[in-house]
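S.K.: no FASTA, just this:
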């Protein structure tokens, strides 16, 4: 996980946010291809159509560099590399997620990823934004005391973090996207 985050952070020096967004949106394609190649999960015809369409879009996007960025190709290549790294992380984490839950595995991966990313970012001159103690307490409660059972952790997490209404489902429960 730390590899793709690091690649994305540094890629933003050499590409635009719009291009980066479209390239990150290519991640489902790399996951689907990785699942086909390594896990022997077959894609149906509509899946292959999606892969072809997304691939053509990425080729069109990266075929020309914006005039204001001389090194856009470098940033775009780093973003594409991050999507391959992200796919590898996703496919490798399938079994740990089955055993421990998505929330716990993701929290563990992020806790590990923060160290090399913070060091590399600091050395490259990026500033690191301070983290609110409320976020740390809410995250610690969800991860340590409640494990991967996000609904059980909601009252404490909501009290500290106060998520936006967009992150709540129709029942008022914290929605956490999981899986492929």
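M.R.: Now that the structure is in, tell me what you want to look at. For clarity, every value in this text was computed on a predicted model and none was experimentally measured. Numbers count the residues shown, from 1 in each chain.
S.K.: Poorly predicted segments of this structure, please.
M.R.: Within the chain, the segments meeting pLDDT under 70 span 1-2, 65-72, 128-129, 131, 139-180.
S.K.: Could you rerun that using 50?
M.R.: For the chain, the stretches flagged by pLDDT under 50 are 148-164, 167-168, 171, 173-180.
S.K.: What are the boundaries of the helices in it?
M.R.: Assigned by DSSP state H, the helices in the chain fall at 2-11, 17-24, 27-38, 45-62, 72-92, 94-100, 102-123, 133-140, 150-161.
S.K.: could I get those helices as CSV with mean neighbour count?
M.R.: In short, each C-beta sits where N, CA and C put it, glycine included. What follows is the helices of the chain, written out as CSV (neighbours: other Cβ atoms under 10 Å):
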stretch, mean neighbour count
helix 2-11, 20
helix 17-24, 16
helix 27-38, 17
helix 45-62, 13
helix 72-92, 20
helix 94-100, 13
helix 102-123, 15
helix 133-140, 14
helix 150-161, 16
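S.K.: if I read this right, residue 35 contacts residue 92, doesn't it?
M.R.: No - contact criterion Cβ atoms under 8 Å: residue 35 and residue 92 do not qualify, at 11.6 Å.
S.K.: Check the gap between the nearest residue to residue 39 once chain neighbours are set aside and residue 104 for me.
M.R.: Excluding its sequence neighbours, the residue lying closest to residue 39 (Cβ to Cβ, 6 or more residues apart in numbering) is residue 91, at 6.6 Å. For residue 91, the distance to residue 104 equals 18 Å [Cβ to Cβ, to the nearest Å].
S.K.: just residue 11 next, same as before
M.R.: Counting by Cβ to Cβ - residue 11 and residue 104 are separated by 29 Å.
S.K.: What of residue 29?
M.R.: According to Cβ to Cβ, residue 29 and residue 104 sit 27 Å apart.
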